[in-house]
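Student: Provided below for reference: sequence and predicted model.
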Amino acid sequence: MTQLAHPAHTLLEKLDGFRVEIDAARERADIVLQRPPYNIISMPQRDQLRLVIESLDENPAVRVIVLRAEGEHFSSGGDIKGFLEASPEHVSKLAWNIAAPARCSKPVIAASRGYCFGVGFEISLACDFRIVTETTLCALPEQKLGQIPGSGGSARLQKMVGITRTKDIVMRSRRIPGKQAYEWGVATECVADAELEAATDRLVDELRTFSPLAQRTAKKLLNDTEDATLSVSIELEGHSYSRLRSSDDFREGVEAFHGKRQPSFKGS
């Protein structure tokens, strides 16, 4: 494992509540929450998480990013006291920081067990894939504090499960078990607690077999057309498809298919 290198190294000399591991051989970077037992996410940590994800997005040694945590809980949410002490300017950046996984051009996986509450749930919702376990509990409990989710949680959740279920979760501060999150389409996969790491490894290795260029294109297209009309989405899909036809990876994919071999994609 290697440590993260970033031009803004002075900002990241001491990461607040998490560490970063890069496995160049597997083209994988892990962002590991490490403030047990509940992995509470502090206000400064949100800025650092954004900076780290942006750095990993620019790192050619990384194909896939994994967000996970030490211990029995992913995260019980944010530092409540930090909200009272933060300036309005800082608070206004919360949603932008937590949206970093969605803006990242590379696949980002959230792997959670135990509590996945508040901002912990919100940042996982901003990821592309969510692997949960039978012990995972997802919740947006801000109503209990006289607040609402402030980092995109209710908005992203409503896109996934609709307004009725989102109201049920947000307005009642309901805790949703991992299996239910999977059945509702919030989670990509629900596995036994002991299988979380193995399931994450499998997904990372699978994602690495595809063209990096096609993968980046697919993610951007899906993100950009989430709120678009069907006709606009189809047109943008066609433009993206057309551009990929001239790529080296597409040529390699076609030649590998006809040659009955595994393709060797370069991302160009």
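Tutor: The structure has been received and is ready for your questions.
Student: list the buried residues in stretch 151-164.
Tutor: Using 16 or more other CB atoms under 10 Å as the test for burial, stretch 151-164 gives Ser151, Gly152, Gly153, Ser154, Arg156, Leu157, Gln158, Val161. All C-beta spots, glycine's among them, are computed from the backbone N, C-alpha and C.
Student: ok, the closest residue to the last one other than its chain neighbours to Val132 distance?
Tutor: Taking CB to CB, 6 or more residues apart in numbering, and ignoring the residues beside it in sequence, Val161 has Trp184 as its nearest neighbour in space, at 5.1 Å. Trp184 sits 11 Å away from Val132, going by CB to CB, to the nearest Å.
Student: so these two - more neighbours on which side?
Tutor: The neighbour comparison of Trp184 against Val132 (other CB atoms under 10 Å) goes to Val132, with 32 against 16.
Student: any idea whether the more buried one is helix, strand or coil?
Tutor: With DSSP: H, G, I helix; E, B strand; the rest coil as the basis, Val132 sits in strand.
Student: distance of the nearest residue to it once chain neighbours are set aside from Thr166?
Tutor: Closest residue in space to Val132, ignoring its immediate chain neighbours: Gly178 at 3.6 Å, by CB to CB, 6+ apart. Distance of Gly178 to Thr166, given as CB to CB: 18 Å.
Student: more neighbours: which of those two?
Tutor: Set side by side, Gly178 and Thr166 show more neighbours around Gly178, with 27 against 20, by other CB under 10 Å.
Student: can you give the contact residues for the helix or strand where Glu206 lies?
Tutor: For Glu206, the element it lies in under DSSP states H and E is helix 196-207. Applying CB atoms under 8 Å, 6 or more residues apart in numbering, the set of residues contacting helix 196-207 from outside is 26, 28, 63-64, 66, 68, 107, 109, 111, 113, 129, 131, 133, 188-189, 191, 215.
Student: quick check: mean pLDDT of it?
Tutor: Confidence for helix 196-207, expressed as mean pLDDT, is 98.
Student: who does the helix or strand just after it touch, helix- and strand-wise?
Tutor: From helix 196-207 onward toward the C-terminus, using DSSP H and E, the following helix or strand is helix 212-224. Applying 3 or more CB pairs under 8 Å, 6 or more residues apart in numbering; DSSP states H and E, one finds that helix 212-224 contacts helix 230-244, helix 248-258.
Student: go again with 10 Å.
Tutor: If you count contacts as 3 or more CB pairs under 10 Å, 6 or more residues apart in numbering; DSSP states H and E, helix 212-224 packs onto helix 100-103, helix 230-244, helix 248-258.
Student: mind putting the ones you listed into TSV with mean pLDDT, distance to Glu54 and mean neighbour count?
Tutor: Listed next are these as TSV, based on pLDDT from 0 to 100; distance: least, CB to CB, whole Å; neighbours: other CB atoms under 10 Å:
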stretch	mean pLDDT	distance to Glu54	mean neighbour count
helix 100-103	97	7	20
helix 230-244	94	23	12
helix 248-258	89	24	14
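Student: can you add distance to Leu125 and give those back as TSV?
Tutor: Formatted as TSV, these follow (distance: least, CB to CB, whole Å):
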stretch	distance to Leu125
helix 100-103	9
helix 230-244	21
helix 248-258	30
